[in-house]
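> next come a sequence and a model predicted from it.
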Amino acid sequence: MIRALLVSTTESGVQALQISGLAAVLAGMGFSVELADVALPHRHATQAGRPWLAMVWLARDHSGMLSRSDFGMPPESLVFAVTPADAGASVESLARSPAFDATLSAPVNARSVAQALAGHGFVALSPDECAAIGSLLDTLAGGDADIVRDLVDSLIETNRIDLDKMRAALEAGVWQCFGSGAHRLKGSARILECATMVTLCGWLESIAELDDLATAQALLPILAATVEHLEAVLTALRPPSRTR
């Protein structure tokens with residue numbers, strides 16, 4: 001799973017985070033979410049699996065400047081600011097400073113978070129999940145390179161087909177087909193033990209049951225980028241064909 005931190009610099013901000021629904025939104029996208037204390041940022045850097053995303057609630061009573069180093073995040077991570085409706089001019093100005101990669105305005109929903117993540121190239125696959133795929137394929141194939149190659153080819157082809165079907169189903173408003181495609185992609189992700197992608201696909205299945213067009217439109221680009229990234233990982237692991 002990919003770790004995400006919910007951070008605030010004030011007590012009122014912590015309380016706002018707890019009722020904001022952000023934790024549920026991020027969990028639905030496959031993140032492992034925890035509430036963090038900005039005063040102790042390096043505690044999170046020492047835990048297994050460094051955080052990739054921080055959502056920082058800038059409450060109205062925040063004062064002072066912030067920098068990326070205040071959050072103890074690795075260089076490749078993303079830091080998003082979240083401002084409440086009653087944020088003053090100084091807080092809004094801070095939210096648009098170089099400390100943050102994007103600024104979201106509360107109330108924050110799945111659509112706004114997904115659009116911000118998609119704009120920064122987020123894929124629902126952790127580095128650890130990708131690194132483990134090679135040994136997993138070898139285990140599934142019993143060490144047989146021909147079986148590994150056939151399995152890789154099958155996964156790539158079926159994932160492409162299912163994603164194309166989901167795109168067409170979303171455009172046509174055929175929610176049963178959209179949900180079925182998400183279910184099949186979830187199955188592929190489960191075979192490869194990619195828990196983050198499994199969670200995202202499961203949420204897309206639920207969205208299909210609710211006919212939630214706006215959220216589906218926001219999340220599908222993330223799924224598409226994830227499938228593309230997974231295909232690149234699988235292609236790199238594909239054994240070469242035997243020469244005759």
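Nice, I can see it. Not measured: the values here are computed from a predicted model.
> residue contacts, the residue nearest the centre of the chain?
Against the mean C-alpha coordinate of the chain, by CA atoms, centre = their mean, the closest residue is residue 124 at 4.3 Å. Applying CB atoms under 8 Å, 6 or more residues apart in numbering to residue 124 gives the contacts 2, 29-30, 194, 196-197, 199-200, 222-223, 226. The way it works is simple: take the backbone N, C-alpha and C, and place the C-beta from them, glycine included.
> for residue 64, same thing?
Contacts for residue 64 were tallied using CB under 8 Å, 6+ apart; they are residue 9.
> try 10 Å
The neighbours of residue 64, taking CB atoms under 10 Å, 6 or more residues apart in numbering as the test, are 9, 70, 90, 94.
> let me see the ranges of the strands in the protein.
In chain order, the chain shows strands spanning 2-8, 31-37, 53-57, 78-83, 102-105, with DSSP state E as the criterion.
> out of the ones you listed, indicate the one that is most buried.
Each of the strands of the chain was scored by mean neighbour count; the highest is strand 53-57, a mean of 26, by mean count of other CB atoms under 10 Å.
> and the angle from it to strand 78-83?
20 degrees (axes from the mean of the first three to the mean of the last three CA atoms, to 10 degrees).
> got the angle for strand 53-57 vs strand 31-37?
Orientation check (the same axes, to 10 degrees): strand 53-57 against strand 31-37 gives 50 degrees.
> output the below-cut-off pLDDT ranges for the chain.
Counting by pLDDT under 70, the chain contains low-confidence ranges at 37-50, 243-244.
> what segments of it are helices?
In order along the chain, the chain carries the following helices (DSSP state H): 11-20, 22-28, 42-45, 89-95, 110-119, 127-140, 145-172, 175-191, 195-210, 213-237.
> from the contacts of residue 64, which two are the most distant?
Among the contacts of residue 64, the pair separated by the greatest distance (CB to CB) is 70 and 90, at 16.8 Å.
> the two: which is more packed in?
residue 70 (18 against 14; other CB atoms under 10 Å).
> from residue 79, how far out is that one?
Relative to residue 79, residue 70 is positioned 9 Å away (criterion: CB to CB, to the nearest Å).
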